[in-house]
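Enquirer: this is the structure alone, sequence omitted:
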């Protein structure tokens, strides 16, 4: 794993934040979710997710979005209809989030430049 992941659950909003630090690959993204599953971080109190990619170097090709898409599809029962807001300053990160949303019909994922806008959308 090339990243350090920090998990924080905000009890007031019901948002689970995952802050990624370092080089980020598709494998790292899937591993971070598997860690959350195995450690019961996604409880019934979770209303949505904020994935912060601002402190990463994305080592992901835009074509790799299909692997991420398959992961989300295979775990749809866990994610349900919970929204995922991604925070990124990298244009590639924006494109990947848009491609994932378009590939997984009705899967609510959207890129943002600020945490505030992401929180507002996740809770809407």
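Expert: Nice, thanks for sending it over. All values derive from a computational prediction rather than experimental measurement.
Enquirer: okay, and the beta partners of the residue nearest the centre of the chain?
Expert: Centroid-nearest residue in the chain, with Cα atoms, centre = their mean: residue 51, separated by 4.3 Å. Beta-bridge partners for residue 51, by DSSP bridges, are residue 18, residue 86.
Enquirer: could you do the one 5 residues further on as well?
Expert: With DSSP bridges as the criterion, the beta-bridge partners of residue 56 are residue 22.
Enquirer: show me the contacts for it.
Expert: Neighbouring residues of residue 56 by Cβ atoms under 8 Å, 6 or more residues apart in numbering: 3, 20-24, 90. (Glycine included, C-beta is placed from N, CA and C.)
Enquirer: of all the residues you listed, which comes closest to residue 82?
Expert: Checking the contacts of residue 56 against residue 82 by Cβ to Cβ gives residue 20 as the nearest, at 18.5 Å.
Enquirer: so who does the closest one touch?
Expert: 3-5, 28, 32, 51-53, 55-56.
Enquirer: buried subset of the residues you listed, written for PyMOL?
Expert: Buried residues within those, by 16 or more other Cβ atoms under 10 Å, are selected in PyMOL with:
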select buried, resi 3+5+28+32+51+52+53+56
